[in-house]
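A.B. asks: The following block contains a protein sequence and its predicted model.
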Amino acid sequence: MDLFVLRHGRAVREPPRGGSDRDRSLSSRGRGDTERTAGWIRESGLIFDTIGTSPYLRAVETATIIADAIPLRNHLEVWEELAPGGEREDIMDRIYRSGESVLIVGHEPMLSSLVSDLISGGTAQIHLGKGGLARIGNLTMLGRGELIWLLTRDCMGSP
């Protein structure tokens, strides 16, 4: 199976008045970066059985931009497991039940830790920057896979 791990795009610093961190949206720069990433994904011919996203607004907005560009909006699912504080075991269980090619959209430090664990048992120190995308291939039910590529948002100008 192939797992794609995307950190949400840059967000506004403050939530709307009366809101919480959960309500922070993408900044205009984050939206533009994500649209460029979506174009790169489309041009690369990547298709996902499922796009799972954290319920936090900035992640949902990121995932929606990607899903609309491919277009795979009907493959988009909100996963509470991907919210900050989610448990790795719950996330992995959901991934394994979601197809052979899965994109997840979420937050730090969980995503970098997840990628590090899957490719090295935690010995590698991966940092997934905002808008960064990793591809892990040959993911097994034992929770091990190979890092195929790791891209920053600035690398996704063209496939």
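C.D. replies: It's in.

A.B. asks: partners of the helix or strand that residue 51 is a member of, with directions?
C.D. replies: Residue 51 is located in strand 50-53, with elements delineated by DSSP states H and E. Partner strands and pairing direction for strand 50-53 (DSSP bridges) are strand 76-78 (parallel), strand 101-106 (parallel).

A.B. asks: Would you mind finding the most buried of those strands?
C.D. replies: Highest mean neighbour count of the strands paired with strand 50-53: strand 101-106, a mean of 26 (counted as mean count of other C-beta atoms under 10 Å). The C-beta positions use only the backbone N, C-alpha and C, and glycine is treated the same way.

A.B. asks: CA atoms of that one as CSV?
C.D. replies: The C-alpha trace of strand 101-106 is given here as CSV (Å, rounded to 0.1, in the frame of the first residue of the first chain):
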residue,chain,number,x,y,z
SER,A,101,-3.5,4.5,-1.8
VAL,A,102,-4.4,6.8,1.1
LEU,A,103,-3.6,10.5,1.6
ILE,A,104,-3.8,11.8,5.2
VAL,A,105,-3.8,15.5,6.1
GLY,A,106,-3.0,16.6,9.6
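
A.B. asks: which residues touch it?
C.D. replies: Outside strand 101-106, the residues that touch it by C-beta atoms under 8 Å, 6 or more residues apart in numbering are 1-8, 46-54, 59, 62-63, 66, 79, 82-83, 86, 91, 95, 111.

A.B. asks: What of stretch 53-71?
C.D. replies: Under C-beta under 8 Å, 6+ apart, the answer for stretch 53-71 is 6, 8-9, 11, 21-26, 30-31, 34-35, 37-39, 41-42, 46-48, 51-52, 73, 75-80, 82-84, 86, 103-107.
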